[in-house]
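In: Pasting the sequence and the predicted model now:
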Amino acid sequence: MKWMALWHWPVSYTLAVEKISRLGHFKKQTHRAVLVMKVLAREFRGFLATLVIAFGSSVTLFYYFYPRQLLPANHEMTVAQAAYYTLLMIFFESPLQYVEDWRLSPLFFILPIVGLFIIAEGVVHFGNLLFQHKRHSKEWQRMIAETMENHIVVCGLGNVGVRVVQHLRRFDEDVVVIEHNPDARFVAEVAGYDVPVLFGDVRDHAILEQAGLKKAKALIAVTDNDLANLEAALTAREVKADIRVVIRMFDQKLAKKVEKSLGIEGAYSSSARSASVFAQAAINGNIIDSFEFGGTIINAIQIEVESGMPLVGQTVDFLRKNFEVTVLCQERVDGEVDWNPAPECSFSIGDKLLAMTDRHGLARMERMLVKN
């Protein structure tokens, strides 16, 4: 039975991966459809409002004032019938006899014109929108951006910017990007994430408004120009005083001063942030991230439990008590992931652990990772 379970495990895992992939594709398609519907609703709102008012008014007038004796049959006029007759007249049919009534006679002339307007304006405008959508034109990107709400505006689409966008989309956040160079290398890649890209200067008040800054919840400025990032942040605060602002600055000291004096939520130097990761990774290859907290370097490490390690059979609480290593996540060999595993959870061969410790943590538990 155990052999059969091991035989079926790869198949089950493959099916699970395929299911997750299909779910991700479905979510992507749904997100794309919602964006398109928002654009259509926005672009046709005036047209639809005019149509609804004209249709509703015509139905009301026919229902209350058209002579019953002139009706085709039964001398009755229901709301449904009035709506049906109105639709026919819009599309150049004449189901009702003309009457000399100042409340009704204009409808016999106006409704066919409304129908002609629907065909001319609606079809042509809709076709143009579909054409813009297929080509992912600048106009379409702008229209998509203007429909966004509670989204995040990312300024700059360089090496840092594209990774910021990738992380935000993994969290299912809506994103609008502003990039000054139409030929930037990551523009096509970001388009695949259903993220609109607007081209212009991030310091320009107009381009920030086109990105829907008034309805955005945050702005992240990560261009390679410190001054541009700072100006974009200040302009964002002018447009929306309570917006969350995060900026990239090359000078770490200046970043800290800007963060403190201007009340910006985060001002970071990417070189300073990555320096500790490079240094710690050179010391130990298990480190996947590193940051400073309270003057102490904290490392996120990945540990794979292998045969012959003293770690096999030990528990989460054992690592915490003896080596001051906190296990955040345990991925078992069967693919089950346990976030914040219980203290009594033990480690088996093939398990993968995500743990946090200081810079001495790995040295303290080095003997637990050596295979006998």
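Out: Noted; the coordinates are in hand.
In: Could you point out which residue ranges in the stretch 201-350 of the chain have low pLDDT?
Out: Within the stretch 201-350 of the chain, the stretches with pLDDT under 70 are 260-263, 265-266, 268-285.
In: again, 80 this time
Out: Applying pLDDT under 80 to the stretch 201-350 of the chain picks out residues 250-287, 289-295, 297.
In: Which stretches in it count as helices?
Out: 205-210, 226-239, 252-262, 270-283, 316-323 (DSSP state H, counting those that start in this stretch).
In: Output the contacting helices and strands for the second one.
Out: Using 3 or more CB pairs under 8 Å, 6 or more residues apart in numbering; DSSP states H and E as the contact test, the elements touching helix 226-239 are strand 152-155, helix 205-210, strand 218-221, strand 244-248, helix 252-262. C-beta coordinates here come from the backbone N, C-alpha and C atoms, glycine included.
In: Could you measure from the residue of the chain most remote from its centre over to Gln97?
Out: For the chain, the residue at maximal distance from the C-alpha centroid (CA atoms, centre = their mean) is Gln69, at 59.4 Å. Distance of Gln69 to Gln97, given as CB to CB, to the nearest Å: 10 Å.
In: Now do stretch 215-223: distance to the chain's middle.
Out: Centre-to-centre, stretch 215-223 and its host chain are 13 Å apart (CA atoms, centre = their mean, to the nearest Å).
In: do the same with stretch 320-336
Out: Using CA atoms, centre = their mean, the offset of stretch 320-336 from its chain centre is 31 Å.
In: ok, and for it, which residues are buried?
Out: Of all the residues in stretch 320-336, those buried under the rule 16 or more other CB atoms under 10 Å are Phe323, Val325, Val327, Gln330, Glu331, Arg332.
In: Go through the residues you listed and name the one nearest Val370.
Out: Phe323 (13.9 Å; CB to CB).
In: dump the residue contacts of that closest one.
Out: Residues in contact with Phe323, defined by CB atoms under 8 Å, 6 or more residues apart in numbering, are Thr357, Gly361, Arg364, Met365, Met368.
In: Show the contacting residues for Val327.
Out: Val316, Leu319, Arg320, Pro341, Leu353, Leu354, Ala355.
In: how does it look with 10 Å?
Out: 303, 315-317, 319-320, 338, 340-341, 343, 345, 347, 353-357 (CB atoms under 10 Å, 6 or more residues apart in numbering).
In: Could you pull up phi and psi at the residue nearest to Gln141 when sequence neighbours are not counted?
Out: Among residues not flanking Gln141 along the chain, Pro196 sits closest, at 4.2 Å (CB to CB, 6 or more residues apart in numbering). For Pro196, the backbone dihedrals (degrees, to the nearest 10) come out as phi -70, psi 140.
In: My read is that Pro196 contacts Val165, right?
Out: No - under the criterion of CB atoms under 10 Å, Pro196 is not in contact with Val165, lying 11.2 Å apart.
In: pLDDT at the spatially most central residue of the chain, what is it?
Out: Centroid-nearest residue in the chain: Asp174, 2.5 Å away (criterion: CA atoms, centre = their mean). Asp174 carries a pLDDT value of 87.
In: Counting neighbours, which of the contacts of Phe323 comes out on top?
Out: Thr357 (23 neighbours; other CB atoms under 10 Å).
In: That one belongs to a helix?
Out: No - checked against DSSP: H, G, I helix; E, B strand; the rest coil, Thr357 lies outside a helix; its state is strand.
In: nearest residue to it other than its sequence neighbours?
Out: Closest to Thr357 by CB to CB, 6+ apart is Val325, at 4.5 Å.
In: do the same with Glu344
Out: Thr315 (5.7 Å).
In: Next, the contact list for that neighbour, please.
Out: Neighbours of Thr315 in contact, by CB under 10 Å, 6+ apart: Lys321, Val327, Pro341, Ala342, Pro343, Glu344, Cys345, Ser346, Phe347.
In: Tell me what it is bridged to.
Out: Per DSSP bridges, the residues bridged to Thr315 are Ser346.
In: Can you tell me how far the residue nearest to Gln141 is from Leu87?
Out: From Pro196 to Leu87 the distance is 37 Å (CB to CB).
In: and those two? which has more neighbours close in?
Out: Neighbour totals were compared for Pro196 and Leu87, and Pro196 leads with 27 against 16 (other CB under 10 Å).
In: OK, contacts around the more buried one?
Out: 35, 136, 138, 140-148, 151, 174-178, 190, 210-212.
In: Also Tyr98?
Out: Tyr98 neighbours (CB under 10 Å, 6+ apart): Leu70, Leu104, Ser105, Leu107, Phe108, Phe109.
In: Compile these into JSON lines and extend it with columns for distance to Lys240 and pLDDT.
Out: As requested, those are exported to JSON lines (distance: CB to CB, whole Å; pLDDT from 0 to 100):
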{"residue": "Leu70", "distance to Lys240": "59", "pLDDT": "83"}
{"residue": "Leu104", "distance to Lys240": "51", "pLDDT": "86"}
{"residue": "Ser105", "distance to Lys240": "52", "pLDDT": "86"}
{"residue": "Leu107", "distance to Lys240": "47", "pLDDT": "85"}
{"residue": "Phe108", "distance to Lys240": "51", "pLDDT": "86"}
{"residue": "Phe109", "distance to Lys240": "49", "pLDDT": "86"}
